[in-house]
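Peer 1: model the following, please.
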Amino acid sequence: MIFELRTYTAEPGRAADFLQLYESMALPLQNKYLGGLVGFYVSEIGPLNQIVHLWRFDSLADREQRRSAMEADPAWQEYRARSKELGALRQQESQILKPTSFSPR
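Peer 2: Sure thing, here's the model as predicted:
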């Protein structure tokens, strides 16, 4: 099992705009193709304007297969175009995390 930690930094004052678009267009597609959503958060203390989400996958190959299927969906391409047009995000980061032997399952 692996986890993908994604951190998006929004332009100041634009996180709510992004979240509204994400919830209406992207989340249903990601639930369909990716499954495994562990949590979705916004920062309150520390670096501000950050949107953080955590996804669970069986393996890197599982992640790749699921993301490829999602990328092929025209609805996902439409979401990406709308997100780019919105211009609410300044930066995106992705980390792959592997649990330790003593990590809770």
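Peer 1: for Tyr41, which non-adjacent residue is spatially closest?
Peer 2: Of all residues beyond its chain neighbours, the one nearest Tyr41 is Val52 (4.6 Å), with distances taken as CB to CB, 6 or more residues apart in numbering. For the C-beta atoms, the positions are set from N, CA and C on the backbone; glycine is no exception.
Peer 1: list the buried residues of stretch 30-47.
Peer 2: Neighbour-count burial for stretch 30-47 flags Gln30, Tyr33, Leu34, Gly36, Phe40 (criterion: 16 or more other CB atoms under 10 Å).
Peer 1: swap in stretch 46-55?
Peer 2: Residues Asn49, Gln50, Ile51, His53, Leu54, Trp55 are the ones in stretch 46-55 that count as buried (16+ other CB under 10 Å).
Peer 1: the fifth one against Glu4, yeah?
Peer 2: It stands for Leu54. Yes - proximity of Leu54 to Glu4 meets the contact threshold set by CB atoms under 8 Å, at 7.2 Å.
Peer 1: quick one: strands adjacent to whichever strand or helix holds the residue nearest to Tyr41?
Peer 2: In this structure, Val52 is located in strand 50-57 according to DSSP states H and E. Using DSSP bridges, strand 50-57 pairs in its sheet with strand 2-10 (antiparallel), strand 37-42 (antiparallel).
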